[in-house]
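Peer 1: what's the 3D shape of this:
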Amino acid sequence: MPDYVNIIIWGVYALQVVELIFLPLPSEVSTYRLLSGRSEVTERDALGIKPFTRGVLILGTVISVITFLIPFVIQLYPDVLIYLLPITVLVELSPALIGVVLLVLGSLLTLTAVIQISKFRSKNEMPLFTSGIYGFSRNPITLGLDIIMVGFFLVYPTWVLLGGTVIYLMNSHYHVVLEEAILRERLGDTYRRYAGNTRRYL
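Peer 2: Residues are numbered from 1 along each chain as shown. Model prediction:
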């Protein structure tokens, strides 16, 4: 793997750590809140989330986190790659360059979205921000992370990462659906108008 690819991968992870530490954005449907019972989903069960469904959601999140960290492990132990079952056809096509582009785009999108909403929330009590990049996408952070995950898969096209990426995308989408259900209930017509004028992702 070219050195610049490794540098970009390390940069992606470093940026995520910086965002988590300095620009944290708590979610009502985060795994921690679901486990602790502090989410509106578990407090009122307003969305009809049953224990089994909650368990599946938490399991999906665990698998998603592990999948997201696989490229980091590969950076530390390159020999692990062979055990992840490389997809021969894709390896021969060498989609790594496309993957790197997606890693950069996803990181920039996530960083921009986190900075914009963090500035907004520091000055406003209401959780709804509809300007800037949020005027084009209701969930730009999730979209950016999804793009990063697909980028990781293209850099390391393996069957394990493919399966993990599919679970990651499904899990992140389900979290978004739950979060938006809470926002619709909490903000009513204000959120419905926003959702009517702005797409969920693109």
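Peer 1: So Val150 sits against Val100, correct?
Peer 2: No. Val150 is beyond contact range of Val100, at 11.8 Å (criterion: CB atoms under 8 Å). Every C-beta, even on glycine, is put in place using the N, C-alpha and C of the backbone.
Peer 1: host element of the nearest residue in space to Val104 that is not next to it in sequence?
Peer 2: Spatially, and ignoring its direct neighbours in sequence, Val104 is nearest to Ile8 (6.6 Å; CB to CB, 6 or more residues apart in numbering). Using DSSP states H and E, Ile8 sits within helix 3-22.
Peer 1: Endpoint to endpoint, stretch 114-129 covers what distance?
Peer 2: Start-to-end span of stretch 114-129 (CA to CA, to the nearest Å) is 11 Å.
Peer 1: can you check stretch 186-202 too?
Peer 2: For stretch 186-202, the first-to-last residue distance is 24 Å (CA to CA).
Peer 1: any idea how far Pro140 lies from Gln75?
Peer 2: Distance of Pro140 to Gln75, given as CB to CB, to the nearest Å: 27 Å.
Peer 1: With neighbour numbers in mind, choose between the two.
Peer 2: Pro140 (22 against 15; other CB atoms under 10 Å).
Peer 1: Report pLDDT for that one.
Peer 2: Per-residue confidence (pLDDT) for Pro140: 96.
Peer 1: Surely it is in contact with Phe129?
Peer 2: No. The pair Pro140 / Phe129 is not scored as a contact, 10.3 Å apart, by CB under 8 Å.
Peer 1: Tell me who's in contact with His25.
Peer 2: Small correction: residue 25 is Leu, not His. By CB atoms under 8 Å, 6 or more residues apart in numbering, the residues touching Leu25 are 114, 117-118, 121, 141.
Peer 1: from these, which ones fall inside helices?
Peer 2: In helices, judged by DSSP state H, the following of the contacts of Leu25 are found: 114, 117-118, 121, 141.
Peer 1: among those residues, which two are most distant?
Peer 2: Arg121 and Ile141 (12.8 Å; CB to CB).
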